[in-house]
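Chemist: okay, sequence plus prediction incoming.
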Amino acid sequence: MGRAVPHRRLLPLALCLTACTPAAIAPLALAHNARGAELLTEGDLERAEANFRLALEYAPGIAEARLNLGLVALGRGRLVEAEQELRRALALRADFGEAWGNLGVVLEAMGRLEEAEQAYEEALRIHPGLAFARRDLGRLLLHAGRFGEARAQLLRLLETDPGDRSGHAMLAWCELVLGRPDAARQRLVFAFDGADAPPLAHLVRASVELAEGDLAAALEDLDAAEADPALRREVALRRAAVEVVLGDADAAWTRLGPLLEEDPFDAAAHLLAARAAEQLGRLDEASAHAREALALVPGLAEAERILAAQ
């Protein structure tokens, strides 16, 4: 009886020595990281974080777990913490394209757009096929008004991922702004290939329909485009354009006031305001807005017409 107790006490130690040899550490770290990734996709941030931290306890040098902790922090809206974790991942592995791409996402969310652009570019230098980084770089360039550069990135994206409807919608927007409406229409075919087309695709189609005079269809697409809050201003401008065409100058004037307060250097808003003011008989204000539009974009024929009519 006296010899049985020590054997029982040694049994757990013997099991630990068998299961926790250095050769077994890496597989356990990878297993916890993989399990955490599953939980992360399910939205279970707490358990995902626990698994990523276990992975780091087994293997402190596993960069993937650091990246994933950055994604957990990003999911919680903790941008500073997310940046720290992603930079730790890059300190472990400088050529980690996914970490650079996600760092770009975080930096963009923080408003550090130049740094975000550099991070996306570094991700693509390491891994040119990284679709999310290419898409986000294209979107960032598009929002910055660098439509030619955005178009170049989006064309590359769609060569590697031709089913990316968001990419087709962004490219359609670039084509429209660059004065290629036929190319924009061709891209819209792919953007609408399936249910729930991206809101931007609806905005582009509404713009085409407005130019063609199909106001009812344009309004329907503008309703769908409003699903993306980032498109609020562009949708409002097109609603004002519809109101001007329909002769509802009071509604257009009321809608355009806040838009011009928000951005007094928007030539399209000034031109619409000039047309609305002209319809309302407020000729001095029509002339003032027409002059502002021409100062921002010289050669606008409609603005020149309004001034010539006064």
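Modeler: Thanks, I have the structure now.
Chemist: alpha carbons only for contacts and neighbour counts from here, please
Modeler: Fine.
Chemist: mind giving me the domain split of the protein?
Modeler: Following automatic domain parsing, the chain resolves into domains at 39-127, 147-227, 235-310.
Chemist: so which of those domains gets nearest residue 134?
Modeler: Checking those against residue 134 by C-alpha to C-alpha gives domain 147-227 as the closest, at 6.1 Å.
Chemist: how far out from the middle of the chain is that closest one?
Modeler: Mean-position distance between domain 147-227 and its chain equals 15 Å (C-alpha atoms, centre = their mean, to the nearest Å).
Chemist: end-to-end on that domain?
Modeler: Domain 147-227 has an end-to-end distance of 23 Å (criterion: C-alpha to C-alpha, to the nearest Å).
Chemist: what sits closest to residue 37 if chain neighbours are left out?
Modeler: Among residues not flanking residue 37 along the chain, residue 48 sits closest, at 6.6 Å (C-alpha to C-alpha, 6 or more residues apart in numbering).
Chemist: the one you found: how many residues sit nearby?
Modeler: 25 (other C-alpha atoms under 10 Å).
Chemist: that one sits in which helix or strand?
Modeler: Element membership for residue 48 (DSSP states H and E) is helix 45-58.
Chemist: could you point out which residue ranges in this structure have low pLDDT?
Modeler: 1-25 (pLDDT under 70).
Chemist: recalculate using a threshold of 50.
Modeler: Applying pLDDT under 50 to the chain picks out residues 1-21.
Chemist: what's the longest helix in it?
Modeler: In the chain, assigned by DSSP state H, the helix with the most residues is helix 22-41.
Chemist: could you measure from residue 128 over to residue 134?
Modeler: 8 Å.
Chemist: for residue 134, what are its contacts?
Modeler: 120, 124, 153, 154, 157 (C-alpha atoms under 8 Å, 6 or more residues apart in numbering).
Chemist: most surrounded residue in the residues you listed?
Modeler: Going by other C-alpha under 10 Å, residue 154 tops those with 30 neighbours.
Chemist: which helix or strand contains that one?
Modeler: With DSSP H and E as the test, residue 154 turns up in helix 147-160.
Chemist: list of residues touching that helix?
Modeler: Outside helix 147-160, the residues touching it (C-alpha under 8 Å, 6+ apart) are 129, 131, 134-135, 137-142, 164, 167-168, 170-171, 174-175, 177-178.
Chemist: what do you get if the cut-off is 6 Å, keeping everything else the same?
Modeler: Defining contact as C-alpha atoms under 6 Å, 6 or more residues apart in numbering, one finds that helix 147-160 is touched by 138, 141, 142, 171, 174.
Chemist: quick one: contacts for the third one?
Modeler: Residue 142 is in contact with residue 150, counting by C-alpha under 6 Å, 6+ apart.
Chemist: return the distance of it relative to residue 165.
Modeler: 16 Å.
Chemist: where do the helices sit along the stretch 151-300 of the chain?
Modeler: 165-177, 181-191, 199-212, 215-225, 232-245, 249-262, 267-280, 283-296 (DSSP state H, counting those that start in this stretch).
Chemist: is it possible to export those to CSV including distance to residue 87?
Modeler: Output for the helices of the stretch 151-300 of the chain, formatted as CSV (distance: least, C-alpha to C-alpha, whole Å):
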stretch, distance to residue 87
helix 165-177, 28
helix 181-191, 35
helix 199-212, 33
helix 215-225, 36
helix 232-245, 34
helix 249-262, 36
helix 267-280, 41
helix 283-296, 42
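Chemist: which one, of these, ends up nearest to residue 38?
Modeler: Closest among these, using C-alpha to C-alpha: helix 165-177, at 25.0 Å.
Chemist: in stretch 260-279, what counts as buried?
Modeler: By neighbour count with 16 or more other C-alpha atoms under 10 Å, stretch 260-279 contains the buried residues 260, 266-279.
Chemist: with stretch 29-40 instead?
Modeler: 29, 30, 31, 32, 33, 34, 35, 36, 37, 39, 40.
Chemist: need the contact partners of that stretch.
Modeler: So stretch 29-40 is contacted by 48, 51, 52, 55, 58, 59, 65 (C-alpha under 6 Å, 6+ apart).
Chemist: which pair in those has the greatest spatial separation?
Modeler: Taking C-alpha to C-alpha, no two of those sit farther apart than 48 and 59, at 16.5 Å.
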